[in-house]
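[1] Fold the following for me, if possible:
(one chain, ligands or ions: 1)
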Amino acid sequence: MTTVLPSWLDVGEWPSRSSATGDAATLSAIGSESVGIREFASLISPHADRFLENMAQRAMAMTRRHFGRTISLYVPLYLSNHCQGGCAYCGFASDRSIPRHKLDRAVLLSELKELKGMGFENLLLLTGERTEESGFDYLLECVSLASRHFHNVTVESFAMTAAEYARLVKAGCTGITLYQETYDPTAYSVFHRWGPKREFLFRLEAPERALAAGMRTVGLGVLFGLADPILDCLRLYRHIHHLRKKFWQAGVLVSFPRIRTQQGGFQAPCPVNDTALARLIFAFRLALPETPLVLSTRESPAFRDGIAGIGITRMSVASRTTVGGYSAPPPGDTGQFDVNDQRDVTTFCQALRAKGLEPVFKNWDSVFQPSSDLVPADAG
Ligand code: SF4
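    Numbering: from 1, shown residues only. Here you go, the predicted model:
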């Protein structure tokens, strides 16, 4: 069945317009105080690579203006690797022969304690598509427990109904991360081989349902490598504007994940190299000056250090993509994907400070929360 895209995702002819790819158009877009779709199309075009330095300078200036020199840190916590999904690029897809686990309450508490001891306050809980072992009720229970100990708990999980999102909000969840992976319905149906995630429109509309249900933030993104990054970025840009228009008070974040090696050996059909990824990040910074832009440990230390503060304002650190990976890593387990930047918190923070950037673990108002029984008296 053909998926009909909603009109708010329409990008017209921008991907192929020659007026978006000349030197004059690119320079004008870099200097623009108000980047619309015309300017954005110029900035994401490969033609803009010849002006990458100019883009970087402008992106850094805008980042400093709106975020100062701070980099907000978060950590992912995998609750379960059970999944009924068949995403071709994922190490947890149901056809992978891997040991399956989920965290029980005791191990979850150990994981939370470990992460709290490392200083984190921004926690991202992850699961695969719902299964009997690890469904909505399990996630709800984990959110409820984690939100008693962490200032900011968000989830990256399956697309849900509005009623389910409302229950997560009530349990203390402040936001969701839900990448569309690709906004190209044909590519989407090829790489999402089976499972509920095949429902393109149900996923596309999930961030709206989450915000309507009271979530404060939604994290959007495409998985670079799956399809044409230019078309995907234009539609992502449209998606962000659609949400902003409808939920002006909501926080939208944008992430820039690239496909990493994983169990299954999937190779990216449309690889995005470092230069192209940098260009796309700078373009989003110029177009969305106040939007947090996120980069995970999928990227190398060199790339992360280079781009921190030049567009990127939020980063994960010390990530484990295995279930129980912080306090009790199961021997021989493989994660959802291979982590590229394996530095610990101290080493990464030193690298940020060496660049004049300040790592931030929590928001100031967290000091008004009652003290947690997980936190050692001297922990930050
Ligand atoms: S990406 Fe998510 S839904 Fe898809 S196979 Fe992996 S864990 Fe399952």
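[2] Touching, W194 and G85? I think so.
    Yes - using CB atoms under 8 Å, W194 is in contact with G85, at 7.3 Å. Where C-beta positions appear, they are placed from N, C-alpha and C, glycine not excepted.
[3] For those two, list the residues in contact with both.
    S94 (CB atoms under 8 Å, 6 or more residues apart in numbering).
[4] So for the two, which sits in the more crowded spot?
    Neighbours per residue (other CB atoms under 10 Å) separate W194 from G85, with G85 holding more: 21 against 14.
[5] now the more buried one: how far from R130?
    G85 sits 9 Å away from R130, taking CB to CB, to the nearest Å as the criterion.
[6] so what sits against both of the two?
    With CB under 8 Å, 6+ apart as the test, G85 and R130 both reach P196.
[7] Could I get the contacting residues of the residue of the stretch 151-300 of the chain at minimum distance from the ligand?
    Per CB to the nearest ligand atom, K197 is where the stretch 151-300 of the chain lies closest to the ligand, at 5.0 Å. By CB under 8 Å, 6+ apart, K197 lies in contact with 85, 87, 129, 158-159, 203.
[8] Looking at the chain, which helix is longest?
    helix 229-246 (DSSP state H).
[9] That one: what's the following helix or strand?
    Sequence-wise, the next helix or strand downstream of helix 229-246 (DSSP states H and E) is strand 251-255.
[10] Please name every helix or strand in contact with that next one.
    Secondary-structure packing of strand 251-255 (3 or more CB pairs under 8 Å, 6 or more residues apart in numbering; DSSP states H and E): strand 173-177, strand 217-221, helix 229-246, strand 293-295.
[11] who does it pair up with?
    Strands that pair with strand 251-255, judged by DSSP bridges, come out as strand 217-221 (parallel), strand 293-295 (parallel).
[12] angle of that strand against strand 173-177?
    For strand 251-255 against strand 173-177, the angle by axes from the mean of the first three to the mean of the last three CA atoms, to 10 degrees is 40 degrees.
[13] hmm, back to that, any chance of the contacts of K197 in TSV, plus distance to the ligand?
    Below are the contacts of K197 laid out as TSV (distance: CB to the nearest ligand atom, whole Å):
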residue	distance to the ligand
G85	3
C87	3
E129	4
F158	7
A159	10
R203	10
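[14] secondary structure element for E111?
    helix 105-117.
[15] ugh, wrong one, I meant S327
    Using DSSP H and E, S327 maps to neither a helix nor a strand.
[16] centre of the chain versus stretch 293-303, how much separation?
    Centre-to-centre, stretch 293-303 and its host chain are 11 Å apart (CA atoms, centre = their mean, to the nearest Å).
[17] What lies in contact with that stretch?
    76, 219, 221, 253-258, 260, 274, 277, 281, 284-285, 304, 307-308, 311-319, 337, 339-343, 351.
[18] if we go to 7 Å?
    Outside stretch 293-303, the residues that touch it by CB atoms under 7 Å, 6 or more residues apart in numbering are 219, 253-258, 260, 274, 281, 284-285, 304, 307, 311-317, 319, 337, 339-341, 343.
[19] Okay, and which of these map to helices?
    274, 281, 284-285, 304, 307.
[20] sec struct for K362, please.
    With DSSP: H, G, I helix; E, B strand; the rest coil as the basis, K362 sits in coil.
[21] contacting residues around it?
    121, 151.
[22] If you count neighbours, what's buried in stretch 29-37?
    29-30, 32, 35, 37 (16 or more other CB atoms under 10 Å).
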